[in-house]
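J.: The following block contains a protein sequence and its predicted model.
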Amino acid sequence: MQPGKPPVKIAPRSERFKNVAIGIAGLISSIAIPAVGLWLGYLQKEKEVSLAKTQKSQEIEKSYIELGIRILSDAPTPESEALRKWAVKLVNAHTVIKLDGAAASAVVNEVPLSESSAEEQKGLALYRLHNAVITRRNPRVHIDYDGVGGRDMDRAYGHNLTSLRYKDGASLDSRKVPYLAIPSSNVVNGSIRYGDYAVVFDASTGNRAFAVVGDAAPNRNAIGISVALANALAIPYDGRDLKGDHLLVSVIFVDSADDKWPEALTERATALYESWGGDAAIEEYLQLKIRKERGPAEEAKR
């Protein structure tokens with residue numbers, strides 16, 4: 001040490017090692033963090049591409065099943081035997097539960113897949129009242145699980161897609177959105193559009209709930225209701241089947257589809273229902289229905 005100069009403090013070896021380690025760690029972080037970010041972005045992109053491919057595949061699969069069911073819903077004829085055999089193969093290729101053996105033979109040669117009249121094969125029978133259409137007779141009703149998680153909830157018939165989608169292409173969630181599944185023939189015929197608002201009554205209990213037309217039903221004389229709609233109507237169910245007797249009447253407001261659902265579903269459907277005539281219009285419909293079922297002779301006696 002030289003006279004007059006302060007002593008120089010030398011950092012302990014452990015502290016010098018710590019400073020070097022911190023410097024190296026900072027260098028590694030500056031390289032690793034962007035690399036990890038790029039890798040995570042790549043994985044996310046791959047996931048999105050894979051999901052899009054899966055959704056497209058499921059959409060095509062659903063279309064094949066609907067095509068096969070439409071063919072098999074017509075009455076068998078000798079001329080249609082080859083086509084019906086092909087339709088059975090088409091359905092079996094895209095469903096978990098297969099038509100085979102005696103069941104397949106019966107569908108091809110003896111009975112249609114669904115017993116329906118020529119009128120019903122055109123779609124649901126609808127009654128036009130003011131600016132709405134109403135289901136004229138009680139159709140077969142099932143729980144529709146299609147949409148988010150649909151295949152997991154219904155392994156036999158469920159799909160992860162719905163006909164009505166959000167703006168970003170995502171499907172509805174049956175557990176969250178009260179929706180109706182309507183035969184696609186009614187949509188094709190132009191009487192109903194996906195996204196139209198509706199009010200659904202359970203005449204057996206008096207319960208009422210608002211909904212949106214959200215999916216296609218595979219059967220021409222059937223309606224599907226989402227899990228959320230069944231819950232809103234307080235209808236118990238087991239799998240796809242409703243428990244108990246339920247007479248459902250669906251009032252669908254023509255050309256009411258817009259981009260305000262699902263946030264404003266109840267508000268929009270309520271406004272449409274009131275402007276349509278509300279409870280008085282439903283009473284008018286039910287009275288017409290009762291008079292038609294009684295017939296002219298019985299009505300004349302009253």
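T.: In hand now; what should we look at? Residues are numbered from 1 along each chain as shown.
J.: only C-alpha atoms for contact and neighbour calcs from this point on.
T.: OK.
J.: pLDDT weak spots in the stretch 101-250 of the chain?
T.: Within the stretch 101-250 of the chain, the segments meeting pLDDT under 70 span 110-127, 129-130, 136-139, 188-190.
J.: Show me where it has its helices.
T.: 101-109, 150-153, 184-188, 227-232 (DSSP state H, counting those that start in this stretch).
J.: buried stuff in the shortest one?
T.: Under the neighbour-count criterion of 16 or more other CA atoms under 10 Å, helix 150-153 has 150-151, 153 buried.
J.: Among the residues you listed, find me the one that's closest to Leu180.
T.: Among the buried residues of helix 150-153, Gly150 lies closest to Leu180 (CA to CA), at 14.9 Å.
J.: Tell me how far that closest one lies from Ser105.
T.: From Gly150 over to Ser105 the distance is 30 Å, taken as CA to CA, to the nearest Å.
J.: for the buried residues of helix 150-153, which one is nearest Asp258?
T.: The shortest approach to Asp258 among these belongs to Gly150, at 24.7 Å (CA to CA).
J.: quick one: the closest one from Thr95, how far?
T.: 14 Å.
J.: re the thing from before, among the helices of the stretch 101-250 of the chain, which is nearest Ser171?
T.: When these are compared for distance to Ser171 using CA to CA, the nearest one is helix 150-153, at 10.1 Å.
J.: what's the closest one in contact with?
T.: Contacting residues not belonging to helix 150-153 are listed as 145, 157-161, 174 [CA atoms under 8 Å, 6 or more residues apart in numbering].
J.: Out of the residues you listed, give me the two with the largest separation.
T.: Between any two of those, the greatest separation by CA to CA is 13.8 Å, found for Tyr157 and Ser174.
J.: Tell me which of the two has more neighbours.
T.: For Tyr157 against Ser174, the residue with the higher neighbour count under other CA atoms under 10 Å is Ser174, and the figures read 26 against 20.
J.: Was I right to think that one contacts Gly158?
T.: No. Using CA atoms under 8 Å, Ser174 is not in contact with Gly158, being 10.7 Å away.
J.: which residues in the stretch 51-200 of the chain form strands?
T.: Here the stretch 51-200 of the chain has its strands, by DSSP state E, counting those that start in this stretch, at 126-129, 132-135, 140-144, 179-183, 197-202.
J.: Next, format the ones you listed as a markdown table and append mean neighbour count and distance to Ile282.
T.: What follows is the strands of the stretch 51-200 of the chain, written out as a markdown table (neighbours: other CA atoms under 10 Å; distance: least, CA to CA, whole Å):
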| stretch | mean neighbour count | distance to Ile282 |
| --- | --- | --- |
| strand 126-129 | 16 | 9 |
| strand 132-135 | 20 | 10 |
| strand 140-144 | 22 | 20 |
| strand 179-183 | 28 | 19 |
| strand 197-202 | 24 | 10 |
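J.: I'd like to know which of the ones you listed is closest to Lys85.
T.: Evaluated with CA to CA, those place strand 179-183 nearest to Lys85, the distance being 23.2 Å.
J.: so which of the helices of the stretch 101-250 of the chain is the most packed in?
T.: Scoring the helices of the stretch 101-250 of the chain by mean neighbour count under mean count of other CA atoms under 10 Å gives helix 227-232 as the most buried, with a mean of 21.
J.: And that helix, what does it pack against?
T.: With contacts defined as 3 or more CA pairs under 8 Å, 6 or more residues apart in numbering; DSSP states H and E, the secondary structure elements packing on helix 227-232 are strand 140-144, strand 179-183, strand 207-217.
J.: 10 Å instead, please
T.: With contacts defined as 3 or more CA pairs under 10 Å, 6 or more residues apart in numbering; DSSP states H and E, helix 227-232 has these neighbours: strand 140-144, strand 179-183, strand 207-217, strand 222-226, strand 237-238.
J.: Tabulate these in JSON lines, adding columns for distance to Asp245.
T.: What follows is the helices and strands packed on helix 227-232, written out as JSON lines (distance: least, CA to CA, whole Å):
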{"stretch": "strand 140-144", "distance to Asp245": "11"}
{"stretch": "strand 179-183", "distance to Asp245": "19"}
{"stretch": "strand 207-217", "distance to Asp245": "13"}
{"stretch": "strand 222-226", "distance to Asp245": "15"}
{"stretch": "strand 237-238", "distance to Asp245": "11"}
